[in-house]
Structures are given as structure tokens and as C-alpha cells.
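A.B. asks: Here you go, sequence then predicted model.
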Amino acid sequence: MEGCKVSLSQEQVKHVARLARIRLESEDAARMTVHLDAVLEYMTQLNELNTDDIDPTMHVIPLTMPLRDDQVRTSLPVEEALKNAPDRRDNMFGVPRIMDGGDR
């Protein structure tokens, strides 16, 4: 893709907008075509970077996911947990069946 100029026509932009279910007026399509061409040009520049020595999962800042310690707590009483359930079976939430095509 080196040195390749990528650009979209207004018809392509309108087509993408239809696929995304976005209503796009003609004047907006012209403006978006310019903006999307700039994005594609930037992506072309990124493709030209040498990333051979960069690990695929490398991040600029370290990613951490702090977790809290598990704590045993008293659960809600069944009646309180199910009081607003639209459908209930015995002491469980009733949900539509998704397997075997049945209702429940």
C-alpha cells in the first residue's frame, strides 16, 4: 500500500451510510467524503510504519485491572429478588426459551 492514494467517492460514502443506517444528506456526503479521505490517508501513513520490533499486544501505558477481594455477603431473599420479575417459575426468573423453538 506504499504510496497508494486512497479516496472514496460520494456514492461510496452514501453507500456506507446506508449500510450503517445513517441518514446522510448530499451536502453532508460531500463534507464526509473529505473527512473520510483524510482518515484513509492517515491510515495509509500508519501502514507505512515499520512495526517489526513491536509486540502485537504492546501498549504505551501498562494496562492493569485492579480487582477487589471477594467478600461473602447475605443474598437478597427470593421474594425480594423476584418481586419485579415479569415472569417467574417456582423460585426462578422465567425467560423465553431460545433452543428447540418452544415458547418456554
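C.D. replies: Looks like it came in fine.

A.B. asks: going forward, measure contacts and count neighbours with C-alpha atoms only.
C.D. replies: Fine.

A.B. asks: longest single helix anywhere in the protein?
C.D. replies: When the chain is parsed with DSSP state H, its longest helix is helix 26-47.

A.B. asks: now for it, which elements pack on it?
C.D. replies: helix 10-19 (3 or more CA pairs under 8 Å, 6 or more residues apart in numbering; DSSP states H and E).

A.B. asks: who touches stretch 13-21?
C.D. replies: Contacting residues not belonging to stretch 13-21 are listed as R23, L24, A29, M32, T33 [CA atoms under 8 Å, 6 or more residues apart in numbering].

A.B. asks: Which positions in that stretch come out as buried?
C.D. replies: Under the neighbour-count criterion of 16 or more other CA atoms under 10 Å, stretch 13-21 has V13, K14 buried.

A.B. asks: what do you get for stretch 25-42?
C.D. replies: Of the residues in stretch 25-42, A29, A30, M32, T33, D37, E41 count as buried by neighbour count, 16+ other CA under 10 Å.

A.B. asks: wait, what's in contact with A30?
C.D. replies: A30 touches Q10, counting by CA under 8 Å, 6+ apart.

A.B. asks: And the residue nearest the centre of the chain, how far from Q12?
C.D. replies: By CA atoms, centre = their mean, the chain has its centre lying nearest to A20, at 13.1 Å. Distance, A20 to Q12, by CA to CA, to the nearest Å: 12 Å.

A.B. asks: Okay then, goodbye and thanks.
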